[in-house]
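Colleague: Just the structure for this:
(one chain, ligands or ions: 1)
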Amino acid sequence: MAVPEERFPFSGRHADQAFLADSGDRPLTMRGVTDADLPELLRVDREVFPDDPYPYFVLRQHLDVHGDRVLVLDDGTCLHGYVLFVTTSDGYACWVLSLAVSADQRGRGLGKRLMLEVLRQLRRERVGEVRLTVEPTNAAAIMLYRTLGFAPEGGVHRNYLGPGEDRLIMVLGLSKGAAGG
Ligand SMILES: CC(C)(COP(=O)(O)OP(=O)(O)OC[C@H]1O[C@@H](n2cnc3c(N)ncnc32)[C@H](O)[C@@H]1OP(=O)(O)O)[C@@H](O)C(=O)NCCC(=O)NCCS
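Modeller: Numbers count the residues shown, from 1 in each chain. Okay, the predicted model is just below:
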């Protein structure tokens, strides 16, 4: 398997730069979302979260309120993933509300790449900590967050997102500089 540098020959550390997901694939661009992306964003979200996708109006209004807080992976034809992150009104904490990579693109470092760009932006903005929820059984996501320095806050939070929707809350303090970005 190629090392990350080989997989990403244009391994820019900023959004809006093209890179390759893998040899043979169309180059991907990580960039900010636009209104024109809404249909594709909905499609990816429904594909990745078939049991609990965002309703149209929720994604519509996320874009209205903080469209600058959505990064997408675009091959020029369709989207392959996105991350949605929102900072609290006091500017101290940021919640990563959703992270998704299409099933056929997983294991290529794309989820990590999206998260590293989020952390880079938040460090620049001097946000104090990043928080997120994750299903306790979601081993892939938990491993990804752990590699970035996130740690669980307490144990499993029962019914955190509603009846039967237990979640871990994972937190990364940015002032400690846990993960490079
Ligand atoms: C979680 C998710 C975003 C990871 O995206 P990805 O592009 O496949 O992840 P990456 O290739 O960037 O992997 C980064 C790290 O995550 C961990 N990881 C990723 N997939 C893993 C798996 N199947 N098993 C164990 N660890 C895994 C590894 O530590 C990996 O680092 P490594 O490649 O150096 O070993 C993706 O699996 C996904 O969209 N899942 C469904 C939606 C979801 O669960 N979102 C998160 C909700 S909180």
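Colleague: When you work out contacts or count neighbours from here on, use the C-alpha atoms and nothing else.
Modeller: Will do.
Colleague: Show the average pLDDT along the lengthiest helix in the chain.
Modeller: Ranked by number of residues, the top helix in the chain under DSSP state H is helix 110-124. Along helix 110-124, the predicted local confidence has a mean pLDDT of 97.
Colleague: Which neighbouring elements make contact with that helix?
Modeller: In terms of contact count using 3 or more Cα pairs under 8 Å, 6 or more residues apart in numbering; DSSP states H and E, helix 110-124 is assigned the packing partners strand 79-87, strand 93-101.
Colleague: Tell me if it is near the ligand.
Modeller: Yes: using Cα under 6 Å from any ligand atom as the criterion, contacts between helix 110-124 and the ligand involve 110, 111, 112.
Colleague: was I right about the first one contacting residue 101?
Modeller: Yes: contact criterion Cα atoms under 8 Å: residue 110 and residue 101 qualify, at 7.1 Å.
Colleague: and the gap between the closest residue to residue 169 other than its chain neighbours and the ligand?
Modeller: Of all residues beyond its chain neighbours, the one nearest residue 169 is residue 133 (4.6 Å), with distances taken as Cα to Cα, 6 or more residues apart in numbering. Distance check for residue 133 against the ligand: by Cα to the nearest ligand atom, to the nearest Å, it reads 6 Å.
Colleague: Might you enumerate the residues of the chain proximal to the ligand?
Modeller: Of all the residues in the chain, those lying near the ligand are 48, 99-101, 106-112, 133-134, 139-141, 143-144, 147, going by Cα under 6 Å from any ligand atom.
Colleague: Which among the residues you listed count as buried?
Modeller: Listed as buried from those are 48, 99, 100, 101, 108, 109, 110, 111, 112, 133, 134, 141; burial here means 16 or more other Cα atoms under 10 Å.
Colleague: Tell me the one among those nearest to residue 172.
Modeller: Distance to residue 172, by Cα to Cα, is smallest for residue 133 among these, at 12.0 Å.
Colleague: Report the angle between the helix or strand containing that closest one and strand 93-101.
Modeller: With the criterion set as DSSP states H and E, the secondary-structure element containing residue 133 is strand 129-134. Taking axes from the mean of the first three to the mean of the last three Cα atoms, to 10 degrees, one finds that strand 129-134 is oriented at 40 degrees with respect to strand 93-101.
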